[in-house]
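> Task: produce atomic coordinates for the following.
(chains A and B)
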There are 2 protein chains.
Amino acid sequence: MSLDTTATKPHERLAAWLAADMERVTDTIRARMSSEHAPRIPQVTAHLIEAGGKRLRPMLTLASARMMGYEGEDHVKLAATVEFIHTATLLHDDVVDESGQRRGRPTANLLWDNQSSVLVGDYLFARSFQLMVETGSLRVLDILSDAAATIAEGEVLQLTAARDLGTTEDTYLKVVRGKTAALFSAANEVGGVIAGASDAQVRALYAYGDALGIAFQIVDDLLDYGGVAAVMGKNTGDDFREGKLTLPVIKAIAAADADERAFWQRVIGEGRQGDGDLEQAQALLRKHGALDATRQEALDWIARAKAALATLPEHKLRGMLDDLADYVVARVL
Amino acid sequence: MSLDTTATKPHERLAAWLAADMERVTDTIRARMSSEHAPRIPQVTAHLIEAGGKRLRPMLTLASARMMGYEGEDHVKLAATVEFIHTATLLHDDVVDESGQRRGRPTANLLWDNQSSVLVGDYLFARSFQLMVETGSLRVLDILSDAAATIAEGEVLQLTAARDLGTTEDTYLKVVRGKTAALFSAANEVGGVIAGASDAQVRALYAYGDALGIAFQIVDDLLDYGGVAAVMGKNTGDDFREGKLTLPVIKAIAAADADERAFWQRVIGEGRQGDGDLEQAQALLRKHGALDATRQEALDWIARAKAALATLPEHKLRGMLDDLADYVVARVL
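Coordinates of the predicted model:
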């Protein structure tokens, strides 16, 4: 493990500490995304994987395994598995959302076609299960197949809840668990499982990942309305335009009077939006304290993540994961 | 097991013999396609599953397990697994092919949307892995995750080979193994594996399913050009219009003179088709004996399927699977 002393952000410090492991994860990904017969598969996969996300999910698996004292080889396979599942869901999401951009580059469905995105996603999903099988751990397969089902269910729920003003905070939480937290928590859990951590430790790893993932998504949804200050940014308003019922909006609708309800019905329920509507939405969110209340929920989840982590043995990586939790909400402080 | 004496076709006799098991497969499918939170999932799944295909694939799993003397419960879970994987691929295929009809009914992507088809397919795929994990057999997981990868790879290969006049018979075979034979052979194999069949017996079950699936698809592709007689039917010409390089066309192109090659280049390579082009294609297939040669390949695969089956112990179900092999090619005799 190398130590990059210039790294200042928690995920950069994690990446520096896990650099040797992550290099092997990258090698595994490159080897397994190949296809003897269909070159389209590595082309599409490389487009996404080489674009360089933060690779938080595979790092969570590596960090959990190492933190619990793992010395074997399977954490690399599991980290690659987690990244493949994540990449497969991104490919399918871009088809579902009809997106044109991801990580600042044109999406695969735009560069190739929807067909390639659907089928290459399926291929990566199958490949991820092959990798899991190689670890020989049925418990790992159980955790990750449950996570895959929760992810797909959450995505369907998000699809059917769009534009539905009756969406509850409970439904929102299920969507968020599906689209984000399920893979965070599973990534952590399987790291602990292969390291032979105790049941209580595995539960703590799960709880950390679950709470971190939920907070992560709540912060994202808050920033989509410009954060607590409701300031316009370059990505402000995407959820608003797509009629997504995110936490700030759910809270504002719950507090709305008749006129405000009619506004939300028009802009979110029916999707009829004009100039000034986003600003009006932001004003209503501020008026009812929906932005502050949403931020407070993110902070509560982060507190839960840190509390779960604190039950685990002292370790350099534990400190980095603790910092990572703070960093996730730092964007909205 | 009940015996329906009016059943005359081999798959109907199989269905009658396996009726009690199949009923439990249906119950398992209904229970597992449910979703507490997202009712869209059972709606979409039921649309496809209740439409009533022949359910050949789950019957192959049940028949293989029973034929090898299996007395446990896991063959029902595995048959449901196989049907879920099949249903997931159909949902994704309809998005990929932009189909409007399947089994005589509007497709799910038309009734709901592409999004639902992609995400519900993902959900069923995850559910199928959960079911497999419950059997506790890593060998079963290995076989079916390999099959899932082969299926997706074959579909990508078909996508990239479309309109490519350089497509070889070897590539065609890989596509056919992916889109059809991989799940047939895996369905058989896992039935044998949970029954504790010997390695040689499992290989024979694989070989039967593989050859049956290949023959099944070759016959389908032959019928798309009206069979050996090249007679127009209601589904004639779908592959031609989509520019698919199926076996009859590959054989005719290999034997084409310069004028004929220019014809194939225009209608398949460039997709510029007009009145009379399908008839002209059929005439060229007949002229070069491509239809007869294709039929002969289907017959050869069926002979291989039957030879593999003959190495297995005598059983009532073995006779039905033997008849099933004959039945698959009877449509083109």
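> what's the neighbour count on A:A281?
Number of residues near A:A281 (other Cβ atoms under 10 Å in any protein chain shown) recorded here: 24. C-beta here means a position set from N, CA and C on the backbone, and glycine is covered the same way.
> In contact with it, which residues?
By Cβ atoms under 8 Å, 6 or more residues apart in numbering or on different chains, A:A281 lies in contact with A:Y225, A:F240, A:V249, A:A252, A:F263, A:V267.
> Now go through these and say which are in helices.
A:F240, A:V249, A:A252, A:F263 (DSSP state H).
> Once you drop chain neighbours, what's closest to the third one?
Right, the one you point to is A:A252. Once flanking residues are discounted, A:A252 sits nearest to A:A290: 4.2 Å by Cβ to Cβ, 6 or more residues apart in numbering or on different chains.
> just checking, next helix/strand downstream of the host helix or strand of A:H11?
Using DSSP states H and E, A:H11 sits within helix A:10-17. Sequence-wise, the next helix or strand downstream of helix A:10-17 (DSSP H and E) is helix A:19-32.
> JSON lines for the ones in helices among the contacts of A:A281, including distance to B:R139, neighbour count and pLDDT?
As requested, the ones in helices among the contacts of A:A281 are arranged in JSON lines below (distance: Cβ to Cβ, whole Å; neighbours: other Cβ atoms under 10 Å in any protein chain shown; pLDDT from 0 to 100):
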{"residue": "A:F240", "distance to B:R139": "50", "neighbour count": "20", "pLDDT": "94"}
{"residue": "A:V249", "distance to B:R139": "49", "neighbour count": "27", "pLDDT": "97"}
{"residue": "A:A252", "distance to B:R139": "54", "neighbour count": "26", "pLDDT": "97"}
{"residue": "A:F263", "distance to B:R139": "59", "neighbour count": "19", "pLDDT": "98"}
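> between those, which is closest to B:E23?
Proximity of those to B:E23 (Cβ to Cβ) peaks at A:V249, which lies at 46.5 Å.
> gap between that closest one and B:M22?
Note on A:V249: its distance to B:M22, by Cβ to Cβ, to the nearest Å, is 47 Å.
> ditto for A:K306
Applying Cβ to Cβ to A:K306 and B:M22 gives a distance of 52 Å.
> Looking at the two, which one has more neighbours?
Using other Cβ under 10 Å, the more surrounded residue of A:K306 and B:M22 is B:M22, with 20 against 17.
> show me the residues around that one that make contact.
B:A15, B:R55, B:P58, B:M59, B:L62, B:A79.
> Between those residues, identify the one with the most neighbours.
Counting by other Cβ under 10 Å, top hit in these: B:A79 with 32 neighbours.
> how about stretch A:148-157: buried residues?
Going by neighbour count (16 or more other Cβ atoms under 10 Å in any protein chain shown), the buried part of stretch A:148-157 is A:A148, A:A149, A:T150, A:I151, A:A152, A:E153, A:G154, A:E155, A:V156, A:L157.
> quick one: what helix or strand has the second one in it?
Using DSSP H and E, A:A149 sits within helix A:138-161.
> mind saving the C-alpha coords of that helix as PDB?
The C-alpha trace of helix A:138-161 is given here as PDB (Å, rounded to 0.1, in the frame of the first residue of the first chain):
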ATOM      1  CA  LEU A 138     -23.100 -18.800  -0.800                       C
ATOM      2  CA  ARG A 139     -23.500 -16.100   1.800                       C
ATOM      3  CA  VAL A 140     -21.900 -13.500  -0.500                       C
ATOM      4  CA  LEU A 141     -24.100 -14.700  -3.300                       C
ATOM      5  CA  ASP A 142     -27.100 -14.400  -1.000                       C
ATOM      6  CA  ILE A 143     -26.200 -10.800   0.000                       C
ATOM      7  CA  LEU A 144     -25.500  -9.600  -3.600                       C
ATOM      8  CA  SER A 145     -28.500 -11.300  -5.200                       C
ATOM      9  CA  ASP A 146     -30.700  -9.700  -2.600                       C
ATOM     10  CA  ALA A 147     -29.100  -6.300  -3.300                       C
ATOM     11  CA  ALA A 148     -29.600  -6.800  -7.000                       C
ATOM     12  CA  ALA A 149     -33.300  -7.400  -6.500                       C
ATOM     13  CA  THR A 150     -33.600  -4.400  -4.100                       C
ATOM     14  CA  ILE A 151     -31.900  -2.200  -6.700                       C
ATOM     15  CA  ALA A 152     -34.300  -3.200  -9.500                       C
ATOM     16  CA  GLU A 153     -37.300  -3.000  -7.300                       C
ATOM     17  CA  GLY A 154     -36.300   0.500  -6.100                       C
ATOM     18  CA  GLU A 155     -35.800   1.600  -9.800                       C
ATOM     19  CA  VAL A 156     -39.300   0.300 -10.700                       C
ATOM     20  CA  LEU A 157     -40.700   2.100  -7.700                       C
ATOM     21  CA  GLN A 158     -39.100   5.400  -8.700                       C
ATOM     22  CA  LEU A 159     -40.500   5.000 -12.200                       C
ATOM     23  CA  THR A 160     -44.100   4.400 -11.000                       C
ATOM     24  CA  ALA A 161     -43.800   7.100  -8.300                       C
END
